[in-house]
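> Output the structure for:
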Amino acid sequence: AEQCNGMDGRTELVLARAAAKRDLPGASDAPQLAPHLARKLLNTPGQQVRSTLDAPLQRFASQALRHQLAGLAERNIEDGAIIVIDNATGEVLAWVGSSGSLSAAANVDGVVAQRQAGSTLKPFLYELAIEKRWLTAASLLDDSPVNLATSAGLYIPQNYDKQYKGLVSLRTSLGSSLNIPAVRTLVMVTPERFFRRLQALGFNLRESGDYYGYSLALGSADVTLANLANAYRVLANQGRYSPLRTRLDDARTAPRPVPVMDADAAYIIGDILSDRSARARTFGLENALSTRIWTAVKTGTSKDMRDNWCVGYSSRYTVGVWVGNASGAPMWDVSGVTGAAPVWQEVMQYLHERGRGSSRDARNSPPQKPAGVQAQTIRYEQNVEAARTEYFLPGTAQSEIRIAHAREIRPAITYPTAGMLVALDPDIPPARQRIRFRAQGAPAGSRWVLDGKRMPESVMQAGRVKAQKVAASSQQSDVEELGFDWMPWPGRHVLALQDASGKELDSLRFEVRGAVERPALPQKK
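Next up, the predicted model:
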């Protein structure tokens, strides 16, 4: 690695490839500031490439990572990675692939390794719901126990602290990283629609949305730090995507950004991610996510504490940090805010104060509110949350946020779920296998229609059940649930819910698989 001064005054890093046996971190006496990116860009010994990396920043980021991991050595954590991106150009300014000598797998490049995303995907889910005008930042979501039927059984998400907050706004749900409201939002958005948005953001997920199911809201998909950080850069760039650049080539121009999300919705998500008050329910007001300049940031922790993430952006830069173990071993009591966030904060502060411009620089100020975003003073019924000024897309603003009552619930099929796959058990007599169709909010006289045929009213079961109210109110109200026990038959089916006049209230498709009784084979003579 050699340093040279670029045209913008940046001390650039020229990468050179030595013999293959000297490529690994710690395998050479010569300075190796970016061995992982060098192996990615260079093919033959002696080859040189003028990279986009900033040499002092690369050195500082590497030291910050090693210092943090050394302090967490007793928590069973030894690996980490950092990427720093220029928002405007997509140039990668720092690429730290490992912790070097602290790691037992120093040759593994953590910037491009596939790891579970944890809660870092939530901003993109809520952005999509706001963009489609299904929710606003002020919308109330239900943080109470829920279980969802899937083809693999019941899915029962829980919050990180195993506690429930009752009614919370979308702003609080995202800022405080509550799991259950995110899963409820994905039920509305659908896993497949969310999957398509993630693909447009450049995640290149290996499976389909139906494969991940509702757990996609909580980051069950494997992602790379590079793709994750670049997706946050899309939020910073008002919803415009462009690929990363790691080498400087005067003959090659940067690709034109492509709009992949609504600019106004992206602004609202950024405002939420920068809101200390929105984070307070989980993280408190003072933590490693706070910086002296405007930043929008999100943490994430994967199952069993195997991965810590902290990704966020200022007006000028996006910084992504991952810490964990390359082996996949879980850490001991390390969350995103205690593991990855301190490194993220250090690097972001360095970028804006010591390394690449003063915090007083006008370019470091918060992004300007788009003309289409409306600011509105709001208050909540029953003071569920404090009155405040909130941001809305055109046509969605409200001054008073009311609590939905049972009579206002939209009629919907609650079981089976859309796209559900049911497998018949060959060891249970067919007459003893049933699927109970269920719907909530169905008006009197509603009826089931399966594959275009109306179900007999004589076997329909209608009853009234108590619907648990959220913690914001001790009152309870009755919700009518319509049920019907159906003996399943193999095939693909369309189930519809109609009112008494025949108007369709809801519909979905599901499939039943399983052997049916075959005619006896002729016996051999």
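
> ok, which stretches of the stretch 51-200 of the chain are strands?
79-86, 92-96, 115-116, 140-143, 148-150, 153-155, 166-169 (DSSP state E, counting those that start in this stretch).

> Give me the packing partners of the first one, helices and strands only.
This points to strand 79-86. helix 55-71, strand 92-96, helix 225-236, strand 317-324, helix 341-349 (3 or more C-beta pairs under 8 Å, 6 or more residues apart in numbering; DSSP states H and E). Backbone N, C-alpha and C define where each C-beta goes, glycine included.

> who does that strand pair up with?
Sheet pairing of strand 79-86 (DSSP bridges) gives strand 92-96 (antiparallel), strand 317-324 (antiparallel).

> what separates it from the chain centre, distance-wise?
Between the centre of strand 79-86 and the centre of its chain there are 18 Å (C-alpha atoms, centre = their mean, to the nearest Å).

> So what's the model's average confidence on stretch 259-277?
The average pLDDT within stretch 259-277 is 97.

> and if you look at stretch 221-240?
Average pLDDT, stretch 221-240: 98.

> What is the end-to-end distance of it?
Its first and final residues considered, stretch 221-240 spans 23 Å by C-alpha to C-alpha, to the nearest Å.

> how's this structure carved up into domains?
Using automatic domain parsing, the domain ranges for the chain come out as 115-401, 408-513.

> weakest of these by average pLDDT?
Among the domains of the chain, domain 408-513 scores lowest, with a mean of 75.

> returning to what we had before: of all the strands of the stretch 51-200 of the chain, which one is nearest residue 427?
Closest approach to residue 427 among the strands of the stretch 51-200 of the chain (C-beta to C-beta): strand 153-155, 17.6 Å.

> Pipe the helices and strands packed on strand 79-86 into CSV and attach distance to residue 495 and mean neighbour count per row.
As requested, those are exported to CSV (distance: least, C-beta to C-beta, whole Å; neighbours: other C-beta atoms under 10 Å):
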stretch, distance to residue 495, mean neighbour count
helix 55-71, 53, 20
strand 92-96, 50, 29
helix 225-236, 36, 26
strand 317-324, 43, 29
helix 341-349, 46, 24
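
> I'd like those written out as CSV, with distance to residue 486 added.
Converted to CSV, the helices and strands packed on strand 79-86 look like this (distance: least, C-beta to C-beta, whole Å):
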stretch, distance to residue 486
helix 55-71, 56
strand 92-96, 56
helix 225-236, 42
strand 317-324, 46
helix 341-349, 50
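
> if we can go back for a sec, what's the most buried one of the strands of the stretch 51-200 of the chain?
strand 92-96 (a mean of 29; mean count of other C-beta atoms under 10 Å).

> and that strand, how far out from the chain's middle?
For strand 92-96, the separation from the chain centroid amounts to 23 Å (computed by C-alpha atoms, centre = their mean).

> and the direction of that strand versus that of helix 225-236, what angle?
Between strand 92-96 and helix 225-236, the angle comes out at 150 degrees (axes from the mean of the first three to the mean of the last three C-alpha atoms, to 10 degrees).

> Now strand 92-96 - C-alpha only, CSV.
Coordinates of each C-alpha in strand 92-96 appear next as CSV, following Å, rounded to 0.1, in the frame of the first residue of the first chain:
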residue,chain,number,x,y,z
VAL,A,92,-15.5,3.5,-0.7
LEU,A,93,-13.2,5.5,1.6
ALA,A,94,-12.4,2.8,4.1
TRP,A,95,-12.6,-1.0,3.8
VAL,A,96,-11.5,-2.8,6.9
